[in-house]
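Engineer: Here you go, sequence then predicted model.
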Number of protein chains: 2
Amino acid sequence: MHKEIERQLAVFTEKTVEVIPMPELRVKIQHSIQHNTPLRIKIGIDPTSAKIHIGHMVPFRKIRRLQDLGHTAVLIIGDFTAQIGDPTGKNKERPHLSFKQVRKNAHTYAEQIFSILNKKHTEVHFNSEWFKDMYLDDFMKLAARFSLAGLMAHDSFRGRMEKGARLGIHELFYPMFQAFDSIKTNTDVEVGGSDQKFNILCGRDLMTQLGLEPQIVLLLPLLLGTDGQKMSKSLGNDIPVFSTAEDKVGRIMSISDDLIIHFLSYAADLPEKEIMNIKKDLTEQRKNPRAIKLMLARKIVSLYHDTETAEQACREFVRVFSQKQAPSASQEIFIKEQSIPVLYLLRNYKLVESTSEARRLIEQGGVSIGKQKILDIKAIINISQNSDKILKIGKRRFFKLIALKK
Amino acid sequence: MHKEIERQLAVFTEKTVEVIPMPELRVKIQHSIQHNTPLRIKIGIDPTSAKIHIGHMVPFRKIRRLQDLGHTAVLIIGDFTAQIGDPTGKNKERPHLSFKQVRKNAHTYAEQIFSILNKKHTEVHFNSEWFKDMYLDDFMKLAARFSLAGLMAHDSFRGRMEKGARLGIHELFYPMFQAFDSIKTNTDVEVGGSDQKFNILCGRDLMTQLGLEPQIVLLLPLLLGTDGQKMSKSLGNDIPVFSTAEDKVGRIMSISDDLIIHFLSYAADLPEKEIMNIKKDLTEQRKNPRAIKLMLARKIVSLYHDTETAEQACREFVRVFSQKQAPSASQEIFIKEQSIPVLYLLRNYKLVESTSEARRLIEQGGVSIGKQKILDIKAIINISQNSDKILKIGKRRFFKLIALKK
């Protein structure tokens, strides 16, 4: 019995940033084993965007391991809260999302999440369940439980006030909503990235105020991006969950050597012992970092695709980039124009996010057709019917331009 | 036409503390005259307590004069907001009131208000009309219109934060609710005491944000209490609306001479010209301040009772206090005990608010039976069946103690 508690505690706490408070977690695990009652492990996601990256998956892989111990995952899809967006950690107000957009994003999220979580042991709640029909009257009673000073204790709220940035009153509601989610779902442990500490503590505090057994706060590290900053789509340093295996391999191979251990640990979930060995190999220069990165890419990609696909993408990477060959397969793009200015080509066929990105890429020599770099932003590309051209954008993206037959 | 605008403008602005902004008020009055459309003059009351005093009536007497010009009063009974209570101007959180208690207070208020307002030209709204069924969803959209910095611009919110006093999040909602009341009732001018400046400006701001013609802010002075501080039930310096004419006369007669002009102006509504004359008489010592106070008492009391009752109460005051006679009528109290400790008598028959007040009164020689002062706080009063005793508390309260027949 004691041994089982310690075994579970080790799984709960492995690779966490913080557990608040550890003794209460031990008591909860003990109670769970004694009464054969699974703990309820909550995690919330805000479907504010369909562009999720592998950093978002770190907490889910932790919860999967807790499910394997017999515990229940409680997944809160914050379709109601996403309309505000989590303002903690943000330095400006977010745009208000429509409920419809949020629901659409939610489905994309859920699809990916269940490639990791065990669906049978997951309880799914949309928090519109309790917030959509909540009257102002009841919300006032909830709001009365929170003090302004308490909420302003959070760095990002206080920081925005101090800098004179606008903080809408509705943004103060976000931590309250997240706390209320825990009440409604009778949470034992709430899991989140380390940036969720404040919000999860709010839930703990609210439960205590209401005389409930307060939830445990279990914080995981935030995955770094390929450039060593916090992983973020808007910084362009992310590894998207919904991209091809080839794209993932390319992005993983671009990380600097000093990020290898971080990625092995948090993105590839390698056991501590193996990581120690690799660390030693790297320090003593017994192994080529590039070989370890390839192994890392294979490990990570097989978490999101099957092993065979991962292998194939890694082999392709080696063939193209190490051996400087054209890729064996490129995405085909059908062009309806016979000739098209390069800026329009990039933008109208959605190969870049904006005209300014296209302009920058061209100016930096990052765009070529066949072996010819396009350096003039006013260049016009002729799409002849017989010779299919290969368009290369940046270092790793290849497109086959095919004239659309009339 | 021009003359009529100026005439109305004079009535609107007479004895106000501030009008924001004056030019817009002139335009509204002009439009109202041209199109024969009454302006909608809003005033809100929070039935947080049934204990109202004549200071609360100052804005209503202003609105009555505006009704006499043909405008419409829009009375908002804040039965929903009263559950929070206006926190602006307060240095601590208020107790949460029940909706039932609030409704009961509202009826008491309304009864008094219609002794002043013209009921035919008054639109009455309980703000639970629009808040009771408001969903959190819609409230969030309203809250997004307000920034924390904007609300914290109010002295009392900021002051409480700075002093470390608790400020519940729900308290921030109060100015938003009051602003929303103006939207729902399409207000032209909102009238309030000078302590309402912030809340009424919030309404003006919200209307501007929503593209509506913003309301005019019309602020009236706060009536001072009998001791020269702000009039307040809790300071014991108030003149309650629901007390006898005798009680009112007694309290008015107790004000110090330097408050006479303030009361003539704001509590008795004397025209500016008459006030100037009295001021002169007082400065040149041509009239006895006591005589002026009696006239003041008669004027004020006849606003809340009829003239005859006011006259009678003033005569009685003169008879009892000037001529040191026992009152011709005292309230009768039926005592069931044959003998009773003086402290119990005062407290159990609700002649004082608390035991400590009773103790203080006795120690200061403020309690007597017949002509005998009770100075021992442990004294026991015998209630004999035949000789009805007169209990005197303070300077002006007389009670006839009558033994309850068994």
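Structural biologist: Looks like it arrived, so ask away.

Engineer: drop to CA atoms for contacts and neighbour counts, all remaining ones
Structural biologist: Will do.

Engineer: Residues in contact with stretch A:110-128: which ones?
Structural biologist: Under the contact criterion Cα atoms under 8 Å, 6 or more residues apart in numbering or on different chains, stretch A:110-128 has outside partners A:57, A:60-61, A:63-64, A:67, A:71-81, A:181, A:241, A:304.

Engineer: rerun that using 7 Å as the cut-off
Structural biologist: Under the criterion Cα atoms under 7 Å, 6 or more residues apart in numbering or on different chains, residues A:60-61, A:64, A:67, A:72-80, A:181 lie in contact with stretch A:110-128.

Engineer: Helices - which of those land there?
Structural biologist: Helix and strand membership here follows DSSP state H; of the contacts of stretch A:110-128, those in helices are A:F60, A:R61, A:R64, A:Q67, A:D181.

Engineer: Tell me which helix or strand A:R158 sits in.
Structural biologist: Here A:R158 is covered by helix A:155-163, with elements defined by DSSP states H and E.

Engineer: What's the mean pLDDT across that helix?
Structural biologist: Per-residue pLDDT values across helix A:155-163 average out to 82.

Engineer: Give me the buried positions along it.
Structural biologist: Judged by neighbour count (16 or more other Cα atoms under 10 Å in any protein chain shown), helix A:155-163 contains these buried residues: A:S156, A:F157, A:R158, A:G159, A:R160, A:M161.

Engineer: of those residues, list those near chain B.
Structural biologist: Under the cut-off given by Cα under 7 Å from any Cα of the partner chain, chain B has A:M161 from the buried residues of helix A:155-163 close to it.

Engineer: quick one: which of the buried residues of helix A:155-163 is nearest chain B?
Structural biologist: Among the buried residues of helix A:155-163, A:M161 lies closest to chain B (Cα to the nearest Cα), at 6.9 Å.

Engineer: What separation is there between the closest one and B:A245?
Structural biologist: In this structure, A:M161 lies at 53 Å from B:A245, with Cα to Cα, to the nearest Å as the measure.

Engineer: Now the two most distant members of the buried residues of helix A:155-163.
Structural biologist: Of all pairs drawn from the buried residues of helix A:155-163, the one with the longest distance (Cα to Cα) is A:S156 and A:M161, at 8.6 Å.

Engineer: could you redo the contacts of stretch A:110-128 as JSON lines and give each row distance to B:A144 and pLDDT?
Structural biologist: Conversion of these to JSON lines gives the following (distance: Cα to Cα, whole Å; pLDDT from 0 to 100):
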{"residue": "A:F60", "distance to B:A144": "32", "pLDDT": "93"}
{"residue": "A:R61", "distance to B:A144": "36", "pLDDT": "91"}
{"residue": "A:R64", "distance to B:A144": "37", "pLDDT": "95"}
{"residue": "A:Q67", "distance to B:A144": "39", "pLDDT": "97"}
{"residue": "A:T72", "distance to B:A144": "36", "pLDDT": "97"}
{"residue": "A:A73", "distance to B:A144": "33", "pLDDT": "96"}
{"residue": "A:V74", "distance to B:A144": "30", "pLDDT": "97"}
{"residue": "A:L75", "distance to B:A144": "27", "pLDDT": "95"}
{"residue": "A:I76", "distance to B:A144": "24", "pLDDT": "94"}
{"residue": "A:I77", "distance to B:A144": "22", "pLDDT": "90"}
{"residue": "A:G78", "distance to B:A144": "18", "pLDDT": "88"}
{"residue": "A:D79", "distance to B:A144": "18", "pLDDT": "86"}
{"residue": "A:F80", "distance to B:A144": "15", "pLDDT": "87"}
{"residue": "A:D181", "distance to B:A144": "21", "pLDDT": "96"}
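
Engineer: Which single one of these is nearest to chain B?
Structural biologist: Distance from chain B was checked for each of these by Cα to the nearest Cα. The minimum falls on A:F80, at 8.5 Å.

Engineer: which residues does the closest one contact?
Structural biologist: Taking Cα under 7 Å, 6+ apart as the test, what A:F80 contacts is A:N127, A:S128, A:F131.

Engineer: center of chain A - which residue?
Structural biologist: Using Cα atoms, centre = their mean, the residue of chain A that lies closest to the mean C-alpha position is A:H56, 2.4 Å off.

Engineer: part of a helix, is that residue?
Structural biologist: Yes. For A:H56, which was evaluated using DSSP: H, G, I helix; E, B strand; the rest coil, the result is membership in a helix.
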